[in-house]
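[1] Need coordinates for the below:
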Amino acid sequence: MNDGLDRFVKNVGRTLRREDNTPQAQSPQNIEAQVQKGEALARLIRQLGLPAEDLGIREAGDQVALTGMVESQAEREKIVLAVGNTKGDGRVDD
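    Residues are numbered from 1 along each chain as shown. Reported below is the predicted structural model:
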């Protein structure tokens, strides 16, 4: 899925988690929240019926990095759009 960086409006879209922008929430100790967000995004992709092999999702702030293999460019674009259209995600790097 290494094709580029796509930008989205981060305060618009599907809500997968409660937004918390306090300094404590943005600290490096908040790894569990990032893991939960990645799991929620993976669940969303599965619910939408978008197949991806070895899907990896990593979140850092408002950017989400995706790794894995898809069968077509169309499926890649659908996954990027699904992830980018969730609230709080401003950039998707695939």
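
[2] List the buried residues in whichever helix in the chain runs longest.
    Counting by DSSP state H, the longest helix found in the chain is helix 31-47. Neighbour-count burial for helix 31-47 flags Q34, K37, G38, A40, L41, L44, I45 (criterion: 16 or more other CB atoms under 10 Å). C-betas here are computed from N, CA, C, even on glycine.

[3] Likewise for stretch 73-89?
    R76, K78, I79, V80, A82, V83, G84, T86, K87, G88, D89.

[4] hmm, back to that, ok, the buried residues of helix 31-47 vs R58, which is closest?
    Of all the buried residues of helix 31-47, R58 sits closest to G38, with 6.8 Å by CB to CB.

[5] Regarding the nearest residue to K78 once chain neighbours are set aside, what is its secondary structure?
    Excluding its sequence neighbours, the residue lying closest to K78 (CB to CB, 6 or more residues apart in numbering) is L50, at 5.4 Å. Under the three-state scheme (DSSP: H, G, I helix; E, B strand; the rest coil), L50 adopts coil.

[6] quick one: contacts for L50?
    Residues in contact with L50 (CB atoms under 8 Å, 6 or more residues apart in numbering) are V70, E75, K78, I79, A82.

[7] that older thread, where is pLDDT lowest across the buried residues of stretch 73-89?
    For these, the weakest pLDDT value sits at D89, with 75.

[8] That one belongs to a helix?
    No - residue state for D89 (three-state DSSP) corresponds to coil; a helix is not indicated.
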